[in-house]
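> Predicted model follows, preceded by the sequence.
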Amino acid sequence: METSAIIQQFVDHLAASLHITCTRDIQTSEENGQAMIHVSLATNDQASFLIGTQGEHLKALEHILRLMVSRHHPNEVLLTLDINDYKKSRAAQAVLAAQQALQRVRATGKPEALSPMNAFERRAVHTELMKHPDIATESIGEEPQRRVVIKLS
């Protein structure tokens, strides 16, 4: 079964089971030879339920979807699931906080650790701050307290 068909089947079954209406957008790409799939759902019905407190339900749904795809796909696929752009807006907030911290690090010369964030948010911060050659970033700690430290390079 093709990956997009697996994803469509999962979304359709989820929507039918929960009696919700949603639209889906599936984007595929490749980065460094690795297949990437971004699934975005939009719904007016039960969005907060699907996302859960601090994205816990969304994280669980994404995990289940990854397991389903991995059973049928021989190569590893990087898959992300977002509902009503929840993860996208959280990542944007993390990048904004990182940019503010960047200014403080430049002003004081002292490293600064950001608040704990998930892997998606940390990746967005690392990617954004790579644009600044005078700045280095690293992730420290263990989940769920893993955070990004910003320092002068």
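Received, thanks.
> mind giving me the domain ranges of this structure?
As given by automatic domain parsing, the domain ranges for the chain are 3-84, 88-152.
> what's near enough to touch the residue in the chain sticking out farthest from the centre?
Going by CA atoms, centre = their mean, the residue of the chain most distant from its centre is Thr108, 30.8 Å out. By CB atoms under 8 Å, 6 or more residues apart in numbering, Thr108 lies in contact with nothing. Yep, even glycine has a C-beta here, placed from its N, CA and C like the rest.
> same thing with His73?
With CB under 8 Å, 6+ apart, His73 has these contacts: Thr3, Ala35.
> longest single helix anywhere in the protein?
helix 86-108 (DSSP state H).
> buried sites along it?
Tyr86, Lys87, Arg90, Ala91, Ala94, Val95, Ala97, Ala98, Ala101, Leu102, Val105 (16 or more other CB atoms under 10 Å).
> Stretch 131-144 now?
Buried residues in stretch 131-144, defined by neighbour count with 16+ other CB under 10 Å: His132, Ile135, Thr137.
> any idea how far Val11 is from the spatially closest residue to Asn75 that is not a sequence neighbour?
Nearest residue to Asn75 in three dimensions, chain neighbours excluded: Ala35, at 6.5 Å (CB to CB, 6 or more residues apart in numbering). Remark: distance between Ala35 and Val11 (CB to CB, to the nearest Å) = 19 Å.
> For the residue most central in space within the chain, identify the helix or strand it belongs to.
Centre of the chain computed as the mean C-alpha position; nearest residue by CA atoms, centre = their mean is Phe120, 3.4 Å away. For Phe120, the host element (DSSP states H and E) is helix 119-129.
> Quick check: which helices or strands does that helix pack against?
Contact analysis of helix 119-129 by 3 or more CB pairs under 8 Å, 6 or more residues apart in numbering; DSSP states H and E lists helix 86-108, strand 135-140, strand 147-152 as its packing neighbours.
> Now with 6 Å, please.
Helices and strands touching helix 119-129, by 3 or more CB pairs under 6 Å, 6 or more residues apart in numbering; DSSP states H and E, are helix 86-108, strand 135-140.
> tell me the angle it makes with strand 147-152.
Counting by axes from the mean of the first three to the mean of the last three CA atoms, to 10 degrees, helix 119-129 lies at 10 degrees to strand 147-152.
> No further queries at this time; thank you.
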